[in-house]
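Asker: no FASTA, just this:
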C-alpha cells in the first residue's frame with residue numbers, strides 16, 4: 001500500500017473561496033505559494049524557487065478555513081495529492097493535480113494564534129475560530145482554523 005501524504009508550508013495566494021455542492025456540502029478552494037531559498041555556491045547569491053499548489057477542503061474544514069484565513073496568511077497544510085480530469089466546452093481534455101486537505105493550521109513560526117473550538121452536534125450554533133491579529137511577517141490577519149474531526153471526501 002502506497003502512502004500519499006503531503007505536507008506543505010507557505011502563504012495563501014488568495015482568500016479561500018467557499019462554495020456548496022448540490023447536496024449542501026461545503027467545499028473551499030485556496031492557493032498556496034511555497035518558497036525555497038538557497039545559496040548558489042557558483043554565484044555566491046541567493047536563488048529562490050516558488051511552487052504553487054491548489055488546495056481543496058471539504059465540510060467543516062472548508063467552512064472553518066473560509067471563516068478563519070485570508071490571502072497572505074502563512075499556513076501548514078497536510079493532505080493527499082489527487083489528480084482530476086475533465087473536458088472543456090471546446091472538447092479539450094484538462095488535468096490538474098491538487099492537494100485535498102485533511103488538516104490546515106496557521107504557521108506559528110512568525111505569529112501567534114488563539115484557537116476556539118466550534119460547537120458540534122445537534123443544535124450547535126456556528127461559531128468560527130478567532131485569532132489575535134499580530135503584526136508579524138507571513139500573517140497579515142485572518143483567524144486560526146478550529147480543530148475538527150477527520151473526514152473522508154465523497155469520491
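Answerer: Sure thing, it's come through. Just so it is clear, the structure is predicted and the values come from calculations on it, not from any experiment.
Asker: quick check: nearest residue in space to residue 102, chain neighbours excluded?
Answerer: residue 79 (4.9 Å; Cβ to Cβ, 6 or more residues apart in numbering). The way it works is simple: take the backbone N, C-alpha and C, and place the C-beta from them, glycine included.
Asker: using the three-state scheme, assign the one you found.
Answerer: Put simply, residue 79 is strand when judged by DSSP: H, G, I helix; E, B strand; the rest coil.
Asker: my read: it touches residue 100, true?
Answerer: Yes - using Cβ atoms under 8 Å, residue 79 is in contact with residue 100, at 5.1 Å.
Asker: neighbour count: the two, which is higher?
Answerer: Legend: neighbour count by other Cβ atoms under 10 Å for residue 79 and residue 100, higher for residue 79 (23 against 19).
Asker: okay, helices next: where are they in the chain?
Answerer: With helices called from DSSP state H, the chain shows them at 59-68.
Asker: where does it have low pLDDT?
Answerer: Filtered on pLDDT under 70, the chain yields the residue ranges 1-2, 121-155.
Asker: mind running it again at 80?
Answerer: In the predicted model of the chain, residues 1-2, 119-155 satisfy pLDDT under 80.
Asker: which parts of it are strands?
Answerer: Under the criterion DSSP state E, strands of the chain are mapped to 5-12, 17-20, 26-40, 45-58, 74-87, 93-106.
Asker: can you point out the buried residues in the fourth one?
Answerer: Neighbour counts using 16 or more other Cβ atoms under 10 Å place 53, 55, 56, 57, 58 of strand 45-58 among the buried residues.
Asker: could you do the second one as well?
Answerer: With burial defined by 16+ other Cβ under 10 Å, the residues of strand 17-20 counted as buried are residue 18.
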